[in-house]
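Asker: let's see this in three dimensions:
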Amino acid sequence: ARSAFLLLAVTLATSLCCAVTKENAAVIPLAILLVELCFFRGALFQRAALVGLLFLPFVAGAGIRVAQVGWDRLIPANSPTATQGQYALAQVYVTLRYLHNFFWPTDLTVEQNFPTTWDTQLADTALAGTGHLLLFTLATLLLLRGHRMIPFAIVWYYVTHIVESSIVPILDLMVDHRMYLTTAMIPAAFAVALARAWPHLRQTRVGRLTPVFWGLLVALSMGGTYLRNRVWSSSTAIWEDTIAKRPDCARAYSSLGMEHLYQGQWLRAVGPIETAVDLGPYHVEGWNNLGKAYLELGEAGFPQAIAALEKGIQINQVSPSNSVPLCWNNLGLIYQRMAEDGDRSVEERIAHLHNSVRHLRQATQIDPDYEVAYVNLAHSEFKLLALLVDDPVQSAKHAENASLAVDHAERVANRRGGRIP
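Answerer: Reported below is the predicted structural model:
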């Protein structure tokens with residue numbers, strides 16, 4: 001029917017919008033095919049062929065991306081934490097652990113910090129593989145008996161895990177937020193199962209106790225939610241909870257240190273961040289946070305700050321991060337503050353400001369919307385203008401550069417609906 005083709009076109013359009021925002025969109029054709037097979041009847045080949053049309057843009061997009069960056073860049077063989085094989089083997093256990101956390105949420109934390117290898121990995125993986133086999137067996141048996149919702153929820157769980165929990169190695173082997181999409185159909189499946197069983201349950205003694213059971217379950221869930229929310233009572237409590245549960249988690253220490261930075265507690269920030277970079281040297285944000293802490297301690301901390309920020313820039317070559325512009329900006333700030341020392345000669349102050357401009361300009365080139373870096377760049381250019389006021393050519397150049405930096409900052413501020421400092 002014409003309306004079916006219209007719906008297909010709208011589905012294709014919205015799928016493509018998803019595809020340019022989140023990698024998980026790659027499973028959309030499989031998810032739609034799963035819906036078709038589980039819930040609709042009719043000419044199987046015709047429906048599969050129509051759904052197959054959804055694959056074409058994704059295949060074409062993948063082909064274009066491979067041509068642009070290469071297959072190794074699109075699906076890398078390694079991440080800083082695991083090889084492709086190590087990651088895939090760990091996911092056999094991790095995907096079953098997500099289900100454990102869903103049904104018995106006692107070990108939730110912002111950072112799971114799951115290890116690449118562990119002592120009992122082979123035995124755990126074999127046991128987890130048996131668990132997966134039992135789940136697929138359950139889905140098959142229920143499907144043969146005419147039940148569709150629970151088999152759909154089981155297969156949905158695995159289909160939606162394909163991108164993040166298969167052979168593509170990602171920096172983090174396990175993160176709780178990967179459960180959101182994958183477990184979305186499990187409550188629906190249980191609701192359908194309960195609705196189907198209710199006419200029979202209500203006639204039994206067990207059925208009469210069902211409201212009591214649900215009341216206890218709701219009360220228990222409310223109590224658990226209340227206790228869990230207490231962890232989120234402050235920005236430092238979140239990470240202190242994570243460190244208590246995962247004492248070797250580098251990112252938790254780094255984030256705790258960053259929260260101390262936000263609160264102006266520079267000395268308290270140094271310890272957790274140094275622990276973070278010792279545990280996880282491949283986190284660029286950790287090196288930036290350490291540099292920021294030493295930067296705010298004043299001139300005595302400048303050498304350590306420069307070393308930490310340069311290390312972050314170096315690590316970015318093997319573990320790219322959105323935090324690297326922050327490293328460049330903070331390096332520029334250090335040289336800017338060194339130039340403010342009145343005990344230095346004019347030549348030294350000019351040299352430091354040139355270094356500041358170079359680093360701040362690099363920050364804005366990497367992130368053209370980095371408003372703070374533009375503002376800092378304008379300050380350094382203006383300070384150079386003040387020191388070179390006797391040189392009309394140089395002073396004019398730095399005046400123009402300062403003006404351009406302010407213009408860029410103002411454009412960014414206008415786009416986000418604010419104004420520059």
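Asker: so who does Thr125 touch?
Answerer: Applying CB atoms under 8 Å, 6 or more residues apart in numbering, we find Thr125 in contact with Leu89, Val92, Tyr93. Every C-beta, even on glycine, is put in place using the N, C-alpha and C of the backbone.
Asker: check which helix or strand covers it.
Answerer: helix 121-144 (DSSP states H and E).
Asker: can you list contacts of the helix or strand just after that helix?
Answerer: Heading C-terminal from helix 121-144, the first helix or strand you meet, by DSSP H and E, is helix 149-159. Residues outside helix 149-159 that contact it (CB under 8 Å, 6+ apart): 27, 30-31, 34-35, 38-39, 95, 99, 135-136, 138-140, 142-143, 182-186, 188-189, 192-193.
Asker: so which of those belong to helices?
Answerer: Among these, DSSP state H puts 30-31, 34-35, 38-39, 95, 99, 135-136, 138-140, 142-143, 182, 185-186, 188-189, 192-193 in helices.
Asker: what's the end-to-end length of stretch 106-116?
Answerer: 22 Å (CA to CA, to the nearest Å).
Asker: only whichever of the contacts of helix 149-159 are buried, select them in ChimeraX.
Answerer: Selection of buried members from the contacts of helix 149-159 for ChimeraX, criterion 16 or more other CB atoms under 10 Å:
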select :27,30,31,34,95,99,135,139,142,143,182,183,185,186,189,192
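Asker: of the contacts of Thr125, which is the most crowded?
Answerer: With neighbours taken as other CB atoms under 10 Å, the top of those is Tyr93, carrying 21 neighbours.
Asker: run through the residues that contact that residue.
Answerer: By CB under 8 Å, 6+ apart, Tyr93 lies in contact with Gln121, Asp124, Thr125, Ala128.
Asker: report the secondary structure state of the closest residue to the second one other than its chain neighbours.
Answerer: Distances taken as CB to CB, 6 or more residues apart in numbering place Tyr93 nearest to Asp124, at 5.2 Å, with adjacent residues excluded. Judged by DSSP: H, G, I helix; E, B strand; the rest coil, the three-state class of Tyr93 is helix.
Asker: can you read off the pLDDT for Tyr93?
Answerer: Listed pLDDT for Tyr93 reads 96.
Asker: one more: the one 4 residues further on?
Answerer: In the predicted model, Arg97 carries a pLDDT score of 94.
Asker: separation between it and Trp156?
Answerer: 18 Å (CB to CB, to the nearest Å).
Asker: which of the two has more residues huddled nearby?
Answerer: Taking other CB under 10 Å, Arg97 and Trp156 do not tie; Trp156 has more neighbours (24 against 17).
Asker: could you measure from that one over to Met185?
Answerer: Trp156 is 5 Å from Met185, by CB to CB.
Asker: go on, Leu56?
Answerer: Counting by CB to CB, the gap from Leu56 to Met185 is 26 Å.
Asker: Arg196 too?
Answerer: 16 Å.
Asker: now Gly224
Answerer: Taking CB to CB, one finds Gly224 at 22 Å from Met185.
Asker: with Asp341 instead?
Answerer: Taking CB to CB as the measure, Asp341 falls 62 Å from Met185.
Asker: where does this structure have its least confident helix or strand?
Answerer: helix 71-74 (a mean of 72; mean pLDDT, DSSP states H and E).
Asker: does that one pack against any helices or strands, and if so which?
Answerer: helix 44-69 (3 or more CB pairs under 8 Å, 6 or more residues apart in numbering; DSSP states H and E).
Asker: in the helix it packs on, what counts as buried?
Answerer: Result for helix 44-69 [16+ other CB under 10 Å]: buried residues Arg47, Leu50, Val51, Leu54, Phe58.
Asker: could you dump those to a markdown table with distance to Arg337 and pLDDT?
Answerer: Formatted as a markdown table, these follow (distance: CB to CB, whole Å; pLDDT from 0 to 100):
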| residue | distance to Arg337 | pLDDT |
| --- | --- | --- |
| Arg47 | 66 | 73 |
| Leu50 | 63 | 72 |
| Val51 | 60 | 73 |
| Leu54 | 55 | 74 |
| Phe58 | 50 | 78 |
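Asker: convert the C-alpha atoms of stretch 50-68 to CSV, please.
Answerer: Taking Å, rounded to 0.1, in the frame of the first residue of the first chain, the C-alpha atoms of stretch 50-68 are listed here in CSV:
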residue,chain,number,x,y,z
LEU,A,50,11.4,-3.8,1.9
VAL,A,51,13.3,-3.8,5.2
GLY,A,52,16.4,-4.6,3.1
LEU,A,53,16.0,-1.2,1.5
LEU,A,54,17.0,0.3,4.9
PHE,A,55,20.3,-1.5,4.7
LEU,A,56,21.4,0.2,1.5
PRO,A,57,22.0,3.7,2.9
PHE,A,58,23.9,2.2,5.9
VAL,A,59,26.0,0.1,3.6
ALA,A,60,26.7,3.0,1.3
GLY,A,61,27.5,5.2,4.3
ALA,A,62,29.9,2.6,5.7
GLY,A,63,31.6,2.3,2.3
ILE,A,64,32.1,6.1,2.0
ARG,A,65,33.5,6.1,5.5
VAL,A,66,35.9,3.3,4.8
ALA,A,67,37.1,5.2,1.7
GLN,A,68,37.6,8.3,3.8
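Asker: list of residues touching that stretch?
Answerer: Under CB under 8 Å, 6+ apart, the answer for stretch 50-68 is 4, 8, 11-12, 15-16, 19, 26, 28-29, 32-33, 36, 74.
Asker: at 7 Å instead, please
Answerer: Leu8, Leu12, Ser15, Leu16, Ala19, Ala26, Ile28, Pro29, Ile32, Leu33, Glu36, Leu74 (CB atoms under 7 Å, 6 or more residues apart in numbering).
Asker: now do stretch 73-88: distance to the chain's middle.
Answerer: Centroid displacement of stretch 73-88 relative to its chain, using CA atoms, centre = their mean, to the nearest Å, is 17 Å.
Asker: make that stretch 200-213, sorry
Answerer: Centre to centre, stretch against its chain (CA atoms, centre = their mean), the figure for stretch 200-213 is 44 Å.
Asker: and what of stretch 351-361?
Answerer: Relative to the chain's own centre, stretch 351-361 is displaced by 32 Å; criterion: CA atoms, centre = their mean.
Asker: same question, stretch 136-150
Answerer: Counting by CA atoms, centre = their mean, stretch 136-150 comes out at 34 Å from the chain centroid.
Asker: what pLDDT, on average, does that stretch get?
Answerer: Averaging pLDDT along stretch 136-150 yields 93.
Asker: mind checking the end-to-end distance for that stretch?
Answerer: With CA to CA as the measure, stretch 136-150 spans 11 Å from end to end.
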